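Student: Following is a predicted model, sequence given first.
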Amino acid sequence: MERSTHMFRSVLRSLSSRVTVFQRSANSAFFCSRTAAMSLEDAKRCAAYKAVDEYVKDNTVVGVGSGSTVVYAVHRLAERVKAEGLKLVCVPTSFQARQLIIEHGLVLGDLECNPHLDCAIDGADEVDAKMVLIKGGGGCLLQEKIVAACADRMVVIADYTKDSIKLGQQYRKGIPIEVAPMAYVPIRNKIETQFGGSLKLRMAVAKAGPVVTDNGNFILDWSFVDEKEYDWDAVNRAIMMIPGVVDTGLFVGMATKAYFGQKDGTVTERSA
Ligand SMILES: O=C(CO)[C@H](O)[C@H](O)COP(=O)(O)O
């Protein structure tokens, strides 16, 4: 009995030192209070909440990105719809985003009915100093790029591990490239010959064989040469010209703002 009381107290102590508190300020904005031990999840949440509070207002048509950080953005959208009665339309970038929107009782839109969006809020695998992004770690790059291209602004939400000077400094899994299944070998060979590095077909974890995207395609992850100075805009354009390439996870000149949740509960920003 004494032992279980002791264990319960120590769990409580550790929880109270980790918990992130979101408080409502006088103008009803939320902010992250700083605690001794902020987790990576807290950092994601701080960035996501900040982006939603800065960019979403009544009647916004918002693109909902994919990945684990976006989950917090959807929580915050739902919270504000409930508290403030905001009228929003949410356009998903993946099956995951679509489910999140539905589960949170938000209004689901699409590009047929909502071809123009006010903003797209999305995560990233890496953001360099010039706001070039690597996206597609979760395999949703095609729809993410299409939705972002339809938005007035693309706002990135990320934790501090995504912030880098040069691509490849933080994200080591390579640049995802979505390809038509029949063409993955010639595309792999062409990119290796033209730009160096190596490409690997992304394999599924809970399924035999390769990952199949929401669009029925495969993903090649390109480990480029670290020491090389790539012009990402030119590289992206050249890869897009290879028959069978559907899209790349290089987002050049698309993101207008990036929020990075930090270890101490603050959120830093970068603008294009
Ligand atoms: O591009 C993506 C999915 O295709 C995600 O935005 C990216 O992988 C970041 O995900 P997370 O927020 O889980 O770190």
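Tutor: Received, thanks.

Student: Listing request: residues of the stretch 151-272 of the chain with sub-threshold pLDDT.
Tutor: Residue ranges of the stretch 151-272 of the chain with pLDDT under 70: none are present.

Student: all helices in it, in order from the N-terminus.
Tutor: Ranges of helices in the stretch 151-272 of the chain, per DSSP state H, counting those that start in this stretch, are 184-195, 232-240.

Student: closest one to the ligand among those?
Tutor: The ligand lies closest to helix 232-240 among these, at 15.3 Å (C-beta to the nearest ligand atom). For glycine as for every other residue, the C-beta is placed from the backbone atoms N, C-alpha and C.

Student: between that closest one and helix 184-195, what angle do the directions make?
Tutor: For helix 232-240 against helix 184-195, the angle by axes from the mean of the first three to the mean of the last three C-alpha atoms, to 10 degrees is 140 degrees.

Student: And helix 232-240, what does it pack against?
Tutor: helix 184-195, strand 245-248, strand 250-251 (3 or more C-beta pairs under 8 Å, 6 or more residues apart in numbering; DSSP states H and E).

Student: mind listing what's buried in the first one?
Tutor: Yep, that's helix 184-195 we're talking about. Neighbour counts over helix 184-195 (16 or more other C-beta atoms under 10 Å) mark 184, 187-188, 190-191, 195 as buried.

Student: and if you look at stretch 56-71?
Tutor: Going by neighbour count (16+ other C-beta under 10 Å), the buried part of stretch 56-71 is 56, 60-67, 69-71.

Student: cool, and stretch 166-175?
Tutor: Residues of stretch 166-175 classed as buried by neighbour count (16+ other C-beta under 10 Å): 167-168, 170-171, 174-175.

Student: Extract the C-alpha trace of the longest strand along the chain and format it as CSV.
Tutor: For the chain, the longest strand by residue count, based on DSSP state E, is strand 151-159. C-alpha atoms of strand 151-159 as CSV (Å, rounded to 0.1, in the frame of the first residue of the first chain):
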residue,chain,number,x,y,z
ALA,A,151,-3.3,28.8,-50.9
ASP,A,152,-2.4,32.4,-50.5
ARG,A,153,0.2,31.4,-48.0
MET,A,154,1.8,28.2,-46.7
VAL,A,155,2.6,28.2,-43.0
VAL,A,156,4.9,25.5,-41.7
ILE,A,157,4.6,24.1,-38.2
ALA,A,158,7.6,22.2,-36.8
ASP,A,159,9.6,21.4,-33.7
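
Student: Pull out the buried positions in it.
Tutor: Quick answer for strand 151-159 (16+ other C-beta under 10 Å): 151, 153-159.

Student: re the thing from before, could you dump the buried residues of helix 184-195 to TSV with distance to the ligand?
Tutor: Formatted as TSV, the buried residues of helix 184-195 follow (distance: C-beta to the nearest ligand atom, whole Å):
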residue	distance to the ligand
184	18
187	19
188	20
190	23
191	19
195	21
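
Student: Determine which two of those are furthest apart.
Tutor: 184 and 195 (16.3 Å; C-beta to C-beta).

Student: and the gap between residue 44 and the ligand?
Tutor: 6 Å (C-beta to the nearest ligand atom, to the nearest Å).

Student: between the helix or strand containing that residue and strand 151-159, how many degrees?
Tutor: Using DSSP states H and E, residue 44 maps to helix 40-55. Counting by the same axes, to 10 degrees, helix 40-55 lies at 160 degrees to strand 151-159.

Student: and the following helix or strand past helix 40-55, what other elements does it pack with?
Tutor: Where DSSP H and E defines the elements, the next helix or strand beyond helix 40-55 is strand 61-64. Packed against strand 61-64 by the contact rule (3+ C-beta pairs under 8 Å, 6+ apart) you find helix 68-84, strand 89-92, helix 95-103, strand 117-122.

Student: mind listing what residue 86 touches?
Tutor: Residue 86 is in contact with 56-60, 80, counting by C-beta atoms under 8 Å, 6 or more residues apart in numbering.

Student: tell me which of the residues you listed is nearest to the ligand?
Tutor: Distances from the ligand to those, taken by C-beta to the nearest ligand atom, are shortest for residue 56, at 17.9 Å.
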